[in-house]
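A structural model of the following input is requested.
(2 chains)
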There are 2 protein chains.
Amino acid sequence: MSKLVVRSFGISLDGYGAGPNQDLKNPLGVRGMELMDWFLHTRVWTKMHGQGDGETGIDNEIAELGFAGFGAWILGRNMFGPIRGPWPDESWKGWWGEEPPYHTPVFVLTHYPRTPLKMAGGTEFRFVTDGIHSALEQARAAAGDKDIRVGGGVETIRQYLTAGLIDEMHLAVRPMLAGRGENLMSGLDLRSLGYAVVDSFPGERATHVIIRRR
Amino acid sequence: MSKLVVRSFGISLDGYGAGPNQDLKNPLGVRGMELMDWFLHTRVWTKMHGQGDGETGIDNEIAELGFAGFGAWILGRNMFGPIRGPWPDESWKGWWGEEPPYHTPVFVLTHYPRTPLKMAGGTEFRFVTDGIHSALEQARAAAGDKDIRVGGGVETIRQYLTAGLIDEMHLAVRPMLAGRGENLMSGLDLRSLGYAVVDSFPGERATHVIIRRR
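Purely as a prediction, here's the structure:
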């Protein structure tokens, strides 16, 4: 069966996966981009954004795995956009422009129905209003034998961890203190939920940790 | 002025500095010794405990700094022993046998007065009942221009961090999930308290992080 995985998810040393007060200017919350700083220098990122060559190395290698061969993605609504409450219209199409980097069906968790949204390059946003299990079921049907990536955000990953549904998680731990924001692990007893660290190694700008469900 | 520092303090990836349910068999709480596993292999530790040569390397180098040239130590009472409430008698003399590894005055925070306790090798436990500021003042007087190390545990370090009194902190982040226990950073906004990561580097069995007050 295909695996449900988290990849390239940046957290601070104190466990924050997003800063506070997300809005249009701060997709990852205030100072949230600092959590992604390891990723912004990689060739994966710069090629994706037409910004030149970027760096190769360990950070880049593991970032490549974060986009390799997935059959579907699952995103929380806040990762899809800054809008809260009912959709005012169909104009918001995600943070990523006309051709998002997913190239698969992307299941967006929301409380408010919306018609599916086809984008260039094979990405189709489908809005799921009946919870994380339903989203996973739909993603599995779409993905076939390919893996499914939970893109985030923090709350969505926490929900899937709490349900014991994440098979493997790669965290990029940044050497910084965020102080506030959305904490990935606070109050979650990951050990009792069956998770353990199976690998840990330094990259150029983050320590990479692989967590797996036993 | 001498600095107040934390050194060689092991935490799990999810931020725990001690396991739950400390008792005589589990000085660092249940499974707490896993947090120290990076330290138990070092030459510093094995020499201290007459267990042979031990390993040299990065973990050992930074562990050496944890015992170098301090003029005084401060410990929370739970780090001194498992006894709670008033001292039943004078028989408990710490976890470390007749010659503790401190070789300086050690100020033990407690709510219950007790006469000072001279040990072999220059360690003297002095019991402070009027709070962390008083303990620091006494430690400064004893240390002269040498630095002072807060040995732990978690709650004691958190109190000194909250008061903005720690100048520098070395954490050894172990690639493991503790799940439960005493969390060092949970609910503390270290960034707003003026702390930042100034260095981070991999050792053999832990990632070492240096945090400093701006």
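
where along chain A do the strands fall?
For chain A, strands defined by DSSP state E occupy the ranges A:4-12, A:16-18, A:70-76, A:105-109, A:117-118, A:124-128, A:147-152, A:168-174, A:182-183, A:195-202, A:207-213.

The last one packs against which elements?
Contact analysis of strand A:207-213 by 3 or more C-beta pairs under 8 Å, 6 or more residues apart in numbering or on different chains; DSSP states H and E lists helix A:58-65, strand A:168-174, strand A:195-202 as its packing neighbours. Backbone N, C-alpha and C define where each C-beta goes, glycine included.

Among those, show me which one is buried the most.
The highest mean neighbour count among those, using mean count of other C-beta atoms under 10 Å in any protein chain shown, belongs to strand A:168-174: a mean of 22.

ok, A:Val5 touching A:Ala143?
No - if you go by C-beta atoms under 8 Å, A:Val5 and A:Ala143 don't touch, sitting 11.2 Å apart.

so which of the strands of chain A gets nearest B:Leu35?
strand A:195-202 (12.8 Å; C-beta to C-beta).

Output the closest one as PDB, restricted to C-alpha atoms.
C-alpha atoms of strand A:195-202 as PDB (Å, rounded to 0.1, in the frame of the first residue of the first chain):
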ATOM      1  CA  TYR A 195       6.800   7.000  16.400                       C
ATOM      2  CA  ALA A 196      10.600   6.800  16.700                       C
ATOM      3  CA  VAL A 197      13.600   8.600  15.200                       C
ATOM      4  CA  VAL A 198      15.300   6.200  12.700                       C
ATOM      5  CA  ASP A 199      17.900   8.600  11.200                       C
ATOM      6  CA  SER A 200      19.400  12.000  11.800                       C
ATOM      7  CA  PHE A 201      22.100  13.800   9.800                       C
ATOM      8  CA  PRO A 202      23.400  17.300   9.300                       C
END
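
Identify the residues contacting it?
A:58, A:161, A:166, A:169, A:207-214, B:13, B:175-177, B:201-202, B:207 (C-beta atoms under 8 Å, 6 or more residues apart in numbering or on different chains).

Stretch A:178-191 now?
Under C-beta under 8 Å, 6+ apart, the answer for stretch A:178-191 is A:9, A:11-12, A:14-20, A:29-32, A:34-35, A:153-155, A:157-158, A:161-162, A:171, A:211, B:13-15, B:177-180, B:183, B:186, B:189-193.

residues in contact with the residue nearest the centre of chain A?
Centroid-nearest residue in chain A: A:Gly151, 2.0 Å away (criterion: C-alpha atoms, centre = their mean). Residues in contact with A:Gly151 (C-beta under 8 Å, 6+ apart) are A:73-75, A:79, A:106.

repeat that for 10 Å
A:6-9, A:66, A:70, A:73-76, A:79-80, A:101-102, A:106, A:108, A:157 (C-beta atoms under 10 Å, 6 or more residues apart in numbering or on different chains).

List the buried residues for the helix or strand of chain A at the bottom of the mean pLDDT ranking?
Lowest mean confidence among the helices and strands of chain A (mean pLDDT, DSSP states H and E): helix A:43-48, at a mean of 91. By 16 or more other C-beta atoms under 10 Å in any protein chain shown, the buried positions in helix A:43-48 come out as A:43-46.

which one of those is nearest A:Pro86?
Using C-beta to C-beta, A:Trp45 comes nearest to A:Pro86 of the buried residues of helix A:43-48, at 33.3 Å.

hang on, the closest one packs against A:Asp53?
No - using C-beta atoms under 10 Å, A:Trp45 is not in contact with A:Asp53, being 11.0 Å away.

got CSV for the helices and strands packed on strand A:207-213, with mean pLDDT too?
Formatted as CSV, the helices and strands packed on strand A:207-213 follow (pLDDT from 0 to 100):
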stretch, mean pLDDT
helix A:58-65, 95
strand A:168-174, 98
strand A:195-202, 98
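
which residues of chain A score low on pLDDT?
Within chain A, no stretch has pLDDT under 70.

what's in contact with the top helix by length along chain A?
Longest helix in chain A, counting residues (DSSP state H): helix A:132-143. Applying C-beta under 10 Å, 6+ apart, the contact partners of helix A:132-143 are A:1-4, A:70-76, A:104-110, A:124, A:126-131, A:146-150, A:156, A:159-160, A:162-163, A:165.

Can you list the buried residues in it?
A:132, A:135-136, A:138-140, A:142-143.

how much space between A:Gln138 and A:Arg158?
20 Å (C-beta to C-beta, to the nearest Å).

One more: A:Gly17?
Distance, A:Gly17 to A:Arg158, using C-beta to C-beta: 9 Å.

Any buried residues in stretch A:107-124, and which?
Buried residues in stretch A:107-124 (16+ other C-beta under 10 Å): A:107-110, A:114, A:117, A:119, A:123-124.

quick check, nearest of the residues you listed to A:Arg84?
Using C-beta to C-beta, the buried residues of stretch A:107-124 come closest to A:Arg84 at A:Thr110, 10.2 Å.

ok, A:Ala206 - contacts?
A:Ala206 neighbours (C-beta under 10 Å, 6+ apart): A:8, A:10-11, A:35-39, A:58-59, A:62, A:171-176, B:200.

same deal with A:Met33?
A:10, A:19, A:26-27, A:39-40.

So which of these wins on neighbours?
A:Gly10 (25 neighbours; other C-beta atoms under 10 Å in any protein chain shown).

Now do A:Leu188 against A:Ser8, distance only.
20 Å.

Between the two, point out the one with more neighbours.
The residue with more neighbours, out of A:Leu188 and A:Ser8, is A:Ser8; 25 against 19, by other C-beta under 10 Å.

Spit out the contact partners of that one.
The neighbours of A:Ser8, taking C-beta under 10 Å, 6+ apart as the test, are A:36, A:38-39, A:42, A:44-45, A:59, A:62-67, A:149, A:151-152, A:170-172, A:206, A:208.

now do 8 Å
A:39, A:62-63, A:65-66, A:170, A:172.

Show me the subset of those that also lies near chain B.
Near chain B, judged by C-beta under 8 Å from any C-beta of the partner chain, there are no entries from those.

Sounds good, over and out.
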